[in-house]
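1. take a look and give me a structure for this.
(chains A and B, ligands or ions: 5)
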Amino acid sequence: MPEKYHIKTSHVLPRLPRIGKCGIVDWREDCARCHNCVKKACVYDKYREENTFIRDLDEVHTLYYECMGCFSCVQNCTKNLLTLALNSEYQKLGNEYWTPQILSTTWLEAETGKVPVSGAGYRGKFSGPGFDSMWTDMSEIVRPTRDGIHGREYISTSVDIGKKPSFLNFQNNKLETVLPPLISIPFPVIFDMSSEKHTLPVLEPCIIETAKQTGLIAIIDSKKWKSIKLHNIEQYLKNIAFFLSPDGPQIPKEILDKTRLVEIPDNKNIEQQIASIKKNHPGIIIAVRIFMDEKVVKRVDELSRIDIEAIHLVADLNGNEINAKNPRFMKEIIREVHECLIKNEKRDEITLIAGGGIGLSEHVAKAIICGADLVSMNLPLLIAIECRLCESCRPGDYCPAKLETEIDLQYGGGRMTNLIGAWHWQLVELMGAMGMREVRRLRGDVGRAMFKDEIEEEIYGPIFRK
Amino acid sequence: MGRSLENKINLEEILPCNTFKTRVPQVEVEKNIKPAPSRYRNEIAKYLIYRDEEKCIMCGTCVKTCTKGVHVLKKGYKLFATSLSYTCNGFVCEKTENFCVAKCPNGALRLIKNPMMEVMGDFRWTSDMILATWRMAETGEILPEDSDFVYETGDSGGGFDRIRIVFPDKPAKVDSDEIDISLELNRRNDGRPKIKIDVPWYGGGMSFGSISNVTQLAKVRAATAWNTFSCTGEGGYMERLRPYDDHMITQVATGLFGVREETIQRVPIVEFKYAQGAKPGLGGHLLGTKNTPAVAKMREAVQGIPLFSPFPFHSVYSIEDHMKHIDWIKHINPRALISTKVSTPTDVDMVAVGSYYAGTHIIHIDGGYGGTGAAPDIAKKNIAMPIDYAIPKVHNFLSAEGVRDAVVLIASGGIRNYYDIAKAICLGADGVVVGTAELVALCCLRCSRCESGKGCPRGIATTNPELASQVTIEWGTQRIINLYNAWSIGLKDILRRLELKTIKELRGRTDLLIHLDISKKQN
Ligand code: SF4
Ligand code: SF4
Ligand code: SF4
Ligand code: SF4
Ligand SMILES: [Zn+2]
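-> Ligands and ions are numbered 1, 2, ... in the order given. Here you go, the predicted model:
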């Protein structure tokens, strides 16, 4: 059995006040100054914490940040002077894909490193676009395994990057096949480069630190390499994969040789390029970065006929097909690419990494069920350090999350590591429910999921379409 | 049911003698319907009516015109008392002759929708649905026809929320009093009691620990009044519940907390909990802070540590194992019916059939979107099939196997009101289990903080004595009795409009339903 994967998490407080969904509006004029004001009775002590009412009754103040929305004070106030209102700041967070809900979940995970838990059942939409139109399965009475949340069996979340030869050659009892390099990482996520849209904070040191803490890999643009300030950089190289920009500087051989993975953008001369990198660095695995656009399946089909180890499929930041009029969501594209590789009998020889719209832990499981070996993500790391995705980040602009300056490694690395810790436990929860012991076996196992369109047609079709 | 059971059967013949020795006298609860107003000082109003004191000439027109008694001008007073906004009918009034805003000679009145409605509720339980449920629990009546609360469906955009019942334009006359909504729970003809409940629903399992003992008692007392059942959940069997033994289901869950032969012998129904919808495939989890001394004692555990019930039963890996479990319970309690509670995996239909062959009387399928206790958000949202799909899947499979009429199919996991009950039955269930709705009757507003710290700030899902003291047993019992009454009126009304005389005839009548996104559009 492999060593148990354990991410050390610890509480890392936010730098800024938390942005809650609701706040209290308080009409003071008629206040009777009750001795036993309901505000003192807030179970969460929010009034006292926010330090307003008790000290200075007359100071006009509306509470916005941390009310838990229990309505107790509203319903008990002697003069009915309190109202709960939606926090407009909360509603403005993110965009239609990166919803306020995703942001606040991410913040909670980054702060605590724990699985978000709540009572009172599910509160959301029945289903939705993107990954929200799938449910994962569970196994009932008969089930092969159960994980270690209760200290029992271990659920492995490790995946491999690299080629797995479909057969081995032996000659005189000696292995003839030269085994290609293979990387094993303990969790099916790697960190992608920051998007051009969100350039303000200098994230690389925190991301690299997180990669080291979690045993994962961060893709770093070779153009940025020189400017990264990290003490004792050598010790991080195992957790770095360079993206070799065509117009970027050469990475010195002694540095590149200590890394395990590089990424190159897809291009016409890809075969020669791969050959030349392989010649200089035989131990390194090469991933080809391809955009999920209309031609992606065709291109994967071509690439699978040459000697290629890993493909990194990238959708836009919202998980959608790039440059398409009616973009498909990444889950559809992953399914097609996966099937194309199966058809070409190359599925185990090419590692599929999918990225773009991975925003929550459940997306990791769902993308893998659709056929990816692992996923890449970046925005959640940025959100972990309280970014609000306001998209006004250009150097010199005002950043509401105060990310213009350098980010403290303990804070940034801590929050990002917590996030991965929380994601890891959640993936284990999903797999435990499915009765699966290894995430490797989840790849492309669409039988472990229910797709809304399919199940609705299967069950409701005969009932309602008569 | 205490009464009916004892009349029909000689209890001493079917109860194991040791049970009879320890049996305590059973308590009856009167099914009186009487008002049980909110326990909060301020009602939450859907609409707010504002009066500009400077413009008001105190003519009293508004007082006379409003049929809802919103404007209060007490005799001898020079000023209006605070408007009873919460009874206001809102913009529905605009179309009537009685709209105070229009009638006011000096334009002193203004009507707005309360902005708090946006904060309250969620996609499954909208603010309208919460307020309507509060109202039903207060009055025991369904909402008047002119009310503008939309509570037939939530706003989730799928499943039940997109399904509608289609009523004939001019239904033949059926007298509501003649309509029978009772449900038999034993279809096996195995000599065990033919238990019949007066309404096609019973209360879900919520353990002491996840809810207060007052809440638990209110639930079972209402169930007693209505001759139906409540369930202990998996937290053990409180002594205080014993006067209601005849209306209890006790749970044998994976943790076996507080389960003893003697507790199994107390009750008419024993339920195996394999899984639960809120966290399908995951075990139960009680946070350490909620494991108070009282809880620890009940569960025979150590105070303050988090309690996990494992998943699954570590002794059940096949239907044959399941059968052994059932045989064991049947042997310990020869009068008990067996219920098997499972969640909704893709092969829920196979599980159900297997469970039938293993000897269960009731198959209880619990879908992913319901639940009351603390659960990981990721599980609530993503794992397992919504009950909206699982019901017809199981119903059809049981029918195809030819065993549909030998077993009772109970559905839960998101059943919010009597419309949902009717839809679930049309899709193929015999009856349902409800949970959240009972808590909402006690003024829960689904803030979802049940898990945090001391637990529910509204005193419902908490074991903190101070918080729990906000609810009294009398009031809580009455609220749930009232809600049940409103539901039974509502459900009978649905049957009446469908020209049906019994709830049995509704089962599987998918022809009475349309799905707004799938059914062919009628002109
Ligand atoms: S609504 Fe509840 S949580 Fe919010 S301030 Fe009032 S008492 Fe506190
Ligand atoms: S009708 Fe208008 S003016 Fe007359 S009492 Fe009412 S608010 Fe005042
Ligand atoms: S709007 Fe109608 S119900 Fe509301 S206060 Fe005016 S008259 Fe009464
Ligand atoms: S904490 Fe909130 S959701 Fe939970 S029972 Fe109490 S009022 Fe209801
Ligand atoms: Zn276990």
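
2. doesn't A:E263 fall inside a strand?
-> Yes - residue state for A:E263 (DSSP: H, G, I helix; E, B strand; the rest coil) corresponds to a strand.

3. contact partners for it?
-> A:219, A:241-244, A:286-289, A:312 (CB atoms under 8 Å, 6 or more residues apart in numbering or on different chains). In this view, the C-beta of every residue, glycine as well, is placed from N, C-alpha and C.

4. thought A:F191 was touching A:C206?
-> No - with contact defined as CB atoms under 8 Å, A:F191 does not count as touching A:C206 (10.1 Å).

5. now for these two: what residues contact both?
-> A:L381.

6. tell me which residues are up against the helix or strand where B:V351 lies.
-> Taking DSSP states H and E as the criterion, B:V351 maps to helix B:348-357. For helix B:348-357, the external contacting residues (CB under 8 Å, 6+ apart) are A:140-141, B:319, B:322-323, B:340, B:342, B:345, B:363, B:365, B:385, B:390, B:393-394, B:396-398, B:401, B:403, B:406-407, B:409.

7. quick check, the helix or strand that comes right after it touching chain A?
-> Later in the chain than helix B:348-357, the nearest helix or strand by DSSP H and E is strand B:362-366. No - using CB under 8 Å from any CB of the partner chain, strand B:362-366 stays clear of chain A, coming no nearer than 10.2 Å.

8. any idea of the angle strand B:362-366 forms with helix B:348-357?
-> For strand B:362-366 against helix B:348-357, the angle by axes from the mean of the first three to the mean of the last three CA atoms, to 10 degrees is 150 degrees.

9. which residues are in contact with strand B:362-366?
-> For strand B:362-366, using CB under 8 Å, 6+ apart, the contacting residues are B:185, B:269, B:271, B:275-277, B:280, B:337-344, B:348, B:352, B:355-356, B:387, B:390-391, B:394, B:398, B:407-413, B:433.

10. hmm, back to that, now render the contacts of A:E263 as JSON lines, adding secondary structure.
-> What follows is the contacts of A:E263, written out as JSON lines (three-state DSSP):
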{"residue": "A:I219", "secondary structure": "strand"}
{"residue": "A:A241", "secondary structure": "strand"}
{"residue": "A:F242", "secondary structure": "strand"}
{"residue": "A:F243", "secondary structure": "strand"}
{"residue": "A:L244", "secondary structure": "coil"}
{"residue": "A:I286", "secondary structure": "strand"}
{"residue": "A:A287", "secondary structure": "strand"}
{"residue": "A:V288", "secondary structure": "strand"}
{"residue": "A:R289", "secondary structure": "strand"}
{"residue": "A:H312", "secondary structure": "strand"}
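
11. now for these: which two are most distant?
-> Across the contacts of A:E263, no pair lies farther apart than A:F242 and A:V288, at 13.8 Å, counting by CB to CB.

12. low-confidence stretches in chain A?
-> A:1-2, A:48-65, A:140-153, A:199-201, A:392, A:394-396 (pLDDT under 70).

13. for it, which helix is longest?
-> Secondary structure assigned by DSSP state H gives helix A:409-434 as the longest helix of chain A.

14. quick check, that helix touching ligand 5?
-> No - figure legend: helix A:409-434 not in contact with ligand 5 (CB under 5 Å from the ion); closest approach 8.8 Å.

15. now find how far off-centre the following helix or strand past that helix is within its chain.
-> Going down the chain from helix A:409-434, the next helix or strand is strand A:449-451, by DSSP H and E. How far strand A:449-451 lies from its chain's middle: 21 Å, per CA atoms, centre = their mean, to the nearest Å.

16. other residues contacting strand A:449-451?
-> A:133-137, A:366, A:369, B:346, B:385.

17. for the stretch 101-250 of chain A, what spans make up the helices?
-> For the stretch 101-250 of chain A, the helices defined by DSSP state H, counting those that start in this stretch cover A:204-214.

18. tell me the residues of it that contact ligand 1?
-> Counting by CB under 6 Å from any ligand atom, no residue of the stretch 101-250 of chain A lies close to ligand 1.

19. same check on chain B?
-> B:P457.

20. for residue 259, the count of nearby residues, please.
-> Just so you know, I chose chain A. Neighbour count of A:T259, defined by other CB atoms under 10 Å in any protein chain shown: 21.

21. meant chain B actually
-> As a burial measure, B:V259 scores 19 neighbours (other CB under 10 Å).

22. quick one, what contacts it?
-> B:236, B:250, B:252-253.

23. which of those residues are close to ligand 3?
-> Near ligand 3, by the rule CB under 6 Å from any ligand atom, you find none of the contacts of B:V259.

24. with distance to ligand 5 and secondary structure added, can I get those in a markdown table?
-> Output for the contacts of B:V259, formatted as a markdown table (distance: CB to the ion, whole Å; DSSP: H, G, I helix; E, B strand; the rest coil):
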| residue | distance to ligand 5 | secondary structure |
| --- | --- | --- |
| B:G236 | 20 | coil |
| B:T250 | 22 | strand |
| B:V252 | 17 | strand |
| B:A253 | 13 | strand |
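
25. farthest pair within those residues?
-> B:G236 and B:V252 (11.5 Å).

26. can you pull out the strands in the stretch 251-400 of chain A?
-> For the stretch 251-400 of chain A, applying DSSP state E, counting those that start in this stretch gives strands covering A:261-265, A:285-291, A:310-314, A:351-355, A:374-377.

27. confirm that B:K504 sits in a strand.
-> No - using three-state DSSP, the assignment for B:K504 is helix, not a strand.

28. any figure for the gap between it and B:E184?
-> According to CB to CB, to the nearest Å, B:K504 and B:E184 sit 9 Å apart.

29. OK, now which residue of chain B is nearest to ligand 1?
-> Taking CB to the nearest ligand atom, ligand 1 has its nearest neighbour within chain B at B:P457, 5.9 Å off.

30. that residue is in contact with B:L467, isn't it?
-> Yes - counting by CB under 8 Å, B:P457 does reach B:L467; the two are 6.9 Å apart.

31. and the strands of the stretch 251-400 of chain A as JSON lines, adding distance to B:W475?
-> Listed next are those as JSON lines, based on distance: least, CB to CB, whole Å:
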{"stretch": "strand A:261-265", "distance to B:W475": "65"}
{"stretch": "strand A:285-291", "distance to B:W475": "62"}
{"stretch": "strand A:310-314", "distance to B:W475": "59"}
{"stretch": "strand A:351-355", "distance to B:W475": "55"}
{"stretch": "strand A:374-377", "distance to B:W475": "50"}
